[in-house]
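In: curious how this folds, go ahead:
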Amino acid sequence: MSEKKNLVQKLESVNEYERQPIPQNKLKSWKNFIGTYAGEHTAGTEFVLGPLFVAHGASAIDMVTGLLIGNILAVLSWAFLTAKISVKTRITLYYQLEKIAGSKFTLVYNVVNAMLFCFLAGAMIAVSATAVGIPFDMTMPSLTDLYPNSLGWVVTVLAVGTITTLVAMFGFEQVTKFANVAAPWMIMVFIAAAFAVLPRLGVTSFGDFWPVAESTIWTGVPLEGQSKYTFWHIMFFAWFCNMAMHIGMADMSIMRYAKKWTAGFTTATGVFLGHYVAWMASGILYSLFLLESNNSTTFAPGPIAYGAVGIAGAICVIIAGWTTANPTLYRAGLAIQSINPKWKTWKVTLVVGGFTTLAACFPALVMKLSEFVALYGLILMPLGAVIFIDVYGLEKFGLKRNYAEVSNRSFNSAVGLTWAVTLAFCLALNLGAGVDIFFLGLPGWFVAVVVYIVASKIFQKPGLQTASSNQESKKEVQIS
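Out: From the prediction side, this is the model:
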């Protein structure tokens, strides 16, 4: 009984500063973010997305060049957009959006945001479950599975989800510690596993690699039933697979802890080790699996890694799933908690973790991960554009920042119109002009900026007192 009481007391003492700037003594150095981003982005998604490039017929040259350019653009987006705004405001995305859009709008956004985070975390729980189930000879999901395929799968997912939720409940501090311990080991396993299987693919010398890469690994020919990925798919996916986090500003919740905005460049450890090296490494493992299984439709990261390097590969898949699911659940918990500040974040995270674990039972989250990640970023992108122009550009047009706060409104119509028009524009491009979902984020961002400025001109009423906004700006300058 006393142990339970102590646990509750520890959880109750967790303060994530959901509605106030981060105190100076709680700021983190760039070293904390290296571990966090390396752990999150060298993680469970890499065991899915790397193989999906192989399945969708990416060519070797498109992989090398597309990932290079796309990942550079992603790091620049994190540093110059998300990190700068995070250090300037020191508050969460959700509280910042409430100041701009109002509580009623933020309520809708937070529910949508949290659900998307839950589905992503659920996919990572499912990835870990494919490795946990190996000793029990569990029936693994295939590329065509959308629903749970066995009772063993459901039980395994529930167990993994419970552990993941418990870690996330203890807040950012524990999520960071978990990532710092796990990240270096995982990266080494990814690299070692890829090198270990190269001889089984026919690579016996350095000169053999590129010919084998072109003919056996990234052949340029998609598997039956899969669409074709080109250089542009790869580049834009590498840039925008985390669009919700950088251009969409979701990582304000993480980056608000940074001492300086330049901590945004630490995301390079994640994207180049994870979204470059790990994607290519997991693609190599999957190509070997296809070669030795006669193009089996089974798509389970755990058995693929285990077949390549044994127990170390299976453990790596388990940990990799956790290091992505933990911070994602943390973000989802903050999104829901901001609806009612009186709710304790750890309790909200517990409920969110339960929903996420149930969603993880559906293999479709893994099989359609690349499309889901693109859609998830696209849905949240317009609000990132709104925050960016509100913080840095709105006053230059003679308009007021944080309009919902200074006007005491619960719904800023300019923000609602921006979200609706931007997503309608993207939908029209996709359905009407046949533009792939991977390519919609860039034009959509500029549309959101223009619509928000024009809509603010229409909906903002002149003559409002701006003292609150000016006071907020002074606080931000002092904190920065």
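
In: stretch 296-303: end-to-end distance?
Out: For stretch 296-303, the first-to-last residue distance is 12 Å (C-alpha to C-alpha, to the nearest Å).

In: what sits up against it?
Out: 44, 47-48, 51, 127-134, 140-144, 282, 289-290, 314, 317-318, 366-367 (C-beta atoms under 8 Å, 6 or more residues apart in numbering). All C-beta atoms are positioned from the backbone trio N, CA, C, and that covers glycine.

In: among those residues, which are in helices?
Out: Under the assignment DSSP state H, these contribute 47-48, 51, 127-132, 282, 289-290, 314, 317-318, 366-367 to helices.

In: follow-up on the earlier one: buried subset of the contacts of stretch 296-303?
Out: Buried members of the contacts of stretch 296-303, scored by 16 or more other C-beta atoms under 10 Å, are 44, 47-48, 51, 127-134, 140-141, 143, 282, 289-290, 314, 317-318, 366-367.

In: so which bits of the helix or strand harbouring Ser287 are buried?
Out: Under the criterion of DSSP states H and E, Ser287 resides in helix 279-292. Residues Trp279, Met280, Ala281, Ser282, Gly283, Ile284, Leu285, Tyr286, Ser287, Leu288, Phe289, Leu290 are the ones in helix 279-292 that count as buried (16+ other C-beta under 10 Å).

In: now do Met188 against Ile319, distance only.
Out: 12 Å (C-beta to C-beta, to the nearest Å).

In: so between those two, which is more surrounded?
Out: Legend: neighbour count by other C-beta atoms under 10 Å for Met188 and Ile319, higher for Ile319 (20 against 12).

In: what about stretch 204-218, how long is it end to end?
Out: From its first residue to its last, stretch 204-218 covers 18 Å (C-alpha to C-alpha).

In: re the thing from before, what's in contact with the helix holding Ser287?
Out: Applying C-beta under 8 Å, 6+ apart, the set of residues contacting helix 279-292 is 46-51, 53-55, 63, 67, 190-191, 193-194, 197-198, 200-201, 216-218, 223, 296, 301, 304-305, 307-308, 313.

In: just the buried residues of those residues.
Out: 46-51, 53-55, 63, 67, 190, 193-194, 197-198, 201, 216-218, 301, 304-305, 307-308, 313.

In: can I get stretch 112-121 as CSV, trimmed to CA atoms?
Out: The C-alpha trace of stretch 112-121 is given here as CSV (Å, rounded to 0.1, in the frame of the first residue of the first chain):
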residue,chain,number,x,y,z
VAL,A,112,-7.4,15.6,-33.6
ASN,A,113,-3.7,16.0,-32.7
ALA,A,114,-3.9,13.6,-29.8
MET,A,115,-5.6,10.9,-31.9
LEU,A,116,-3.0,11.2,-34.7
PHE,A,117,-0.2,10.9,-32.1
CYS,A,118,-1.9,7.9,-30.6
PHE,A,119,-2.1,6.2,-34.0
LEU,A,120,1.6,6.8,-34.6
ALA,A,121,2.6,5.6,-31.1
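
In: distance between that stretch and the chain's centre?
Out: Centroid displacement of stretch 112-121 relative to its chain, using C-alpha atoms, centre = their mean, to the nearest Å, is 10 Å.

In: give me the mean pLDDT for it.
Out: For stretch 112-121, the mean pLDDT works out to 85.

In: could you list the low-pLDDT ranges of the stretch 301-450 of the chain?
Out: Within the stretch 301-450 of the chain, the ranges that satisfy pLDDT under 70 run 338.

In: give me the distance between Val352 and Thr418.
Out: 27 Å.

In: my bad, should have said Val277
Out: From Val277 to Thr418 the distance is 37 Å (C-beta to C-beta).

In: who's more crowded, these two?
Out: Neighbours per residue (other C-beta under 10 Å) separate Val277 from Thr418, with Thr418 holding more: 27 against 19.

In: my read: that one touches Ala448, true?
Out: Yes: between Thr418 and Ala448 a contact is recorded at 5.5 Å, counting by C-beta atoms under 8 Å.

In: between those two, which contacts overlap?
Out: Contacts common to Thr418 and Ala448, judged by C-beta under 8 Å, 6+ apart, are Pro382, Ala385, Val386.

In: wait, the second one sits on Ile453?
Out: No: under the criterion of C-beta under 8 Å, Ala385 is not in contact with Ile453, lying 10.3 Å apart.

In: neighbour count: the two, which is higher?
Out: For Ala385 versus Ile453, neighbours defined as other C-beta under 10 Å are more numerous around Ala385 (25 against 19).

In: check which helix or strand covers the residue nearest to that one when sequence neighbours are not counted.
Out: Nearest non-adjacent residue to Ala385, counting by C-beta to C-beta, 6 or more residues apart in numbering: Ala448, 3.7 Å away. Assigned by DSSP H and E, Ala448 belongs to helix 441-459.

In: list the buried residues of that helix.
Out: Gly441, Gly444, Trp445, Val447, Ala448, Val449, Val451, Tyr452, Ile453, Ala455, Ser456, Phe459.

In: most widely separated two among these?
Out: Pairwise distances across the buried residues of helix 441-459 peak at 25.6 Å for Gly441 and Phe459 (criterion: C-beta to C-beta).
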